[in-house]
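Q: coordinates only, sequence not included:
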């Protein structure tokens, strides 16, 4: 009864404070971004600058082969502006790249430099051998540089034949491949529901500290644990609502909402208790901001690893948001084996419960803060 | 109702004590004033007795509950009014009291009755954020009565209130005390202590210097003088005479017999004067 009464009060307070609306608004913004800014299939169209220092016949032959891949089969005359100057160019628009044919190597170099794009020059030497000079940006990987080095030293026909013979099949089975939009849902959901929950929880407690109501609560016959639980329930409710706002329009009814809510709620439980614990050490939000900010950034690191799978050091997997994102991905992909997601949920619940016991003790000791 | 023996408390958990070796008892039905300047240790003592601060050293029994083994049931029997108002600013007065009333295991008073008691009727549906400081203070005071406590901790109950409202609050305290409620009153306002308290304790630098009834203190520390203002013919005269010395007593009798007395006051020492005399410290 006391818990229910505290929960109802917290719910009223939440709806009368702007943090609740921030979470809902943030969920709506995420949904808009996913629906209108993230396409189902992201295509990275590259821009290249090319100068062909070749005899007319060889140049025409290359241009003809490029035209074969041009989307409208025509070369357009255009002007490019860089460093206050205009340069004439011929534009070849391919599916996956845009190529500008330029009039000199200097122009290629200038544009590669000012536009931060790859440029290249092709020329014939006295022995009629083709040479290639690339203008890279400096941050390209060693693998790409090696690839460019070998690309022009092997038989192109053989290379193409080899590509054609390669068969690509999924090594892992038992899940539905996600499109780019669906793929972005897991880390965004982890951030929106759980990490925001931690921040909002701390904000709620600091609001109570400022008004001194924790002291007033402490001199009633209700336990501090009930006070903390009522706050957690509100954060869980908000997390569930904001998650469904993002999930339902994107994923429809293709996923198990029971499982995803189980994982999200247990993870939110853990993160909201972490928010409570942080709040117990500080008098106001300004003093706690550094700690909260650091933890939020740390929790976002696994999202980087999620989008750049080649970078996934072991320490990143120890950050609590890492199993959350992975578990969410498993559920969103409708993976047949949900053991990982269930284990992650159990882990978050157990860790949250232990942290809650410690937080309860902290709050009992720091009521006068 | 309250028994404290050798109470110490340090915020830094070392020998820098905010209160040291405090011992006193408060009888059932008594109004006990805990008086001292800011930083003397009044709030720390009240913090320990109301469970907001842990009992570190010494013994304390409050409403029959030993604070070495604190139990939440104790709060069904005590009420605490804080010096700083602490209410949910986004809830209305009625919502605030209704919420807190659900946190006790004993029958509670009707929030509207309490709102009326402190003169806030008509403002019950206003959010606390729109209340003035005085209104908040009155509602905080009202909240402390919710569970009809047998032991009532009041911290500066009339601070910041206009005289009329302060008078209402004092009348409420007296009324509830007449009904058998024990009051532990923490204040630096000697006038309210003088008016309400059966006994007072003077606390300075974390130590109790003196405990007695205001009447006894006045008898012990008062100057035992009378100020008399009288009319002799057309002239108004004033005199201050001792009530002990024979010569002055005879002179007073003569003045009364021969003149028209305009005013006459025994010149008792105020509690503030006694406090300064007994502790060598002011109340600021």
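A: Received, thanks. Since the model is a prediction, treat every value here as computed from it, not as a measurement.
Q: Nearest to chain B: which residue in the stretch 101-250 of chain A?
A: residue A:212 (3.1 Å; Cβ to the nearest Cβ). Where you see a C-beta, it was placed from the backbone N, CA and C, and this is true even at glycine.
Q: Now do the contacts for the closest residue to that residue other than its chain neighbours.
A: Using Cβ to Cβ, 6 or more residues apart in numbering or on different chains and skipping residues adjacent in sequence, the residue nearest residue A:212 is residue B:86, 3.1 Å away. The neighbours of residue B:86, taking Cβ atoms under 8 Å, 6 or more residues apart in numbering or on different chains as the test, are A:211-213, A:215-216, B:140.
Q: And residue A:94, by the same measure?
A: The contact partners of residue A:94, taken as Cβ under 8 Å, 6+ apart, are A:66, A:69-71.
Q: Quick one: buried ones out of the contacts of residue B:86?
A: Of all the contacts of residue B:86 considered here, the ones buried according to neighbour count by 16 or more other Cβ atoms under 10 Å in any protein chain shown are A:211, A:213, A:215-216, B:140.
Q: Where does the prediction get shaky in the chain?
A: Went with chain A since none was named. Flagging of chain A using pLDDT under 70 yields the residue ranges A:170-173, A:367-369.
Q: looking at chain B here, not the other one
A: Segments of chain B classed as low confidence (criterion: pLDDT under 70) are B:223, B:281-284.
Q: Chain A contacts on chain B?
A: B:47, B:50-54, B:72-73, B:75-76, B:78, B:80, B:82, B:84-91, B:95, B:99-100, B:102-106, B:140, B:143, B:147 (Cβ under 8 Å from any Cβ of the partner chain).
Q: Quick one: buried ones out of those?
A: In the residues of chain B next to chain A, burial by neighbour count holds for B:47, B:50-53, B:72, B:75-76, B:78, B:80, B:82, B:85-91, B:95, B:99-100, B:102-104, B:140, B:143, B:147, counting by 16+ other Cβ under 10 Å.
Q: Take these and keep only those in strands.
A: Using DSSP state E to define strands, the subset of those located there is B:78, B:80.
Q: Give me the subset of the buried ones among the residues of chain B next to chain A lying in helices.
A: Among these, the members found in helices (DSSP state H) are B:47, B:95, B:99-100, B:140, B:143.
Q: Tell me the one among these nearest to chain A.
A: For these, the minimum distance to chain A (Cβ to the nearest Cβ) is 4.6 Å, reached by residue B:99.
Q: Grab the nearest non-local neighbour of the closest one.
A: In space, not counting the residues next to it along the chain, residue B:99 is nearest to residue A:9; the distance is 4.6 Å by Cβ to Cβ, 6+ apart.
Q: Name all residues that make contact with that neighbour.
A: Taking Cβ under 8 Å, 6+ apart as the contact definition, residue A:9 lies against A:230, B:88, B:91, B:95, B:99.
Q: Make TSV from these and add distance to residue A:206 to it.
A: Below are the contacts of residue A:9 laid out as TSV (distance: Cβ to Cβ, whole Å):
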residue	distance to residue A:206
A:230	16
B:88	14
B:91	18
B:95	21
B:99	20
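Q: for chain B, which residue is closest to the average position?
A: Relative to the mean C-alpha position of chain B, the nearest C-alpha, by Cα atoms, centre = their mean, is the one of residue B:185, at 3.2 Å.
Q: Please work out which residues outside the helix or strand encompassing it touch it.
A: Taking DSSP states H and E as the definition, residue B:185 sits inside strand B:182-187. Applying Cβ under 8 Å, 6+ apart, the set of residues contacting strand B:182-187 from outside is B:1-2, B:26-35, B:42-43, B:45-46, B:49, B:83, B:150-157, B:159, B:173, B:176-177, B:192-193, B:196-197.
Q: just to revisit the earlier point, need the max-distance pair from the contacts of residue A:9.
A: For the contacts of residue A:9, with distances taken as Cβ to Cβ, the pair at the greatest spread is A:230 and B:95 (15.0 Å).
Q: which secondary structure elements does the helix or strand harbouring residue A:234 contact?
A: Counting by DSSP H and E, the secondary-structure element that holds residue A:234 is helix A:224-251. Taking 3 or more Cβ pairs under 8 Å, 6 or more residues apart in numbering or on different chains; DSSP states H and E as the contact definition, the neighbouring helices and strands of helix A:224-251 are helix A:2-15, helix A:18-32, helix A:180-183, helix A:185-189, helix A:196-211, helix A:213-218, helix A:257-281, helix A:339-365.
Q: how close does the residue lying closest to residue A:285 once chain neighbours are set aside get to residue B:54?
A: Taking Cβ to Cβ, 6+ apart, and ignoring the residues beside it in sequence, residue A:285 has residue A:206 as its nearest neighbour in space, at 4.3 Å. The spacing between residue A:206 and residue B:54, counted by Cβ to Cβ, to the nearest Å, is 23 Å.
Q: Kindly report the same for residue A:88.
A: Here the criterion is Cβ to Cβ. By it, residue A:88 lies 82 Å from residue B:54.
Q: go on, residue B:150?
A: For residue B:150 relative to residue B:54 (Cβ to Cβ), the value is 24 Å.
Q: same deal with residue A:229?
A: Residue A:229 sits 22 Å away from residue B:54 when distances are taken as Cβ to Cβ.
Q: same question, residue A:358
A: As for residue A:358, its distance to residue B:54 is 17 Å (criterion: Cβ to Cβ).
Q: Could you do residue B:187 as well?
A: In this structure, residue B:187 and residue B:54 are 25 Å apart, going by Cβ to Cβ.
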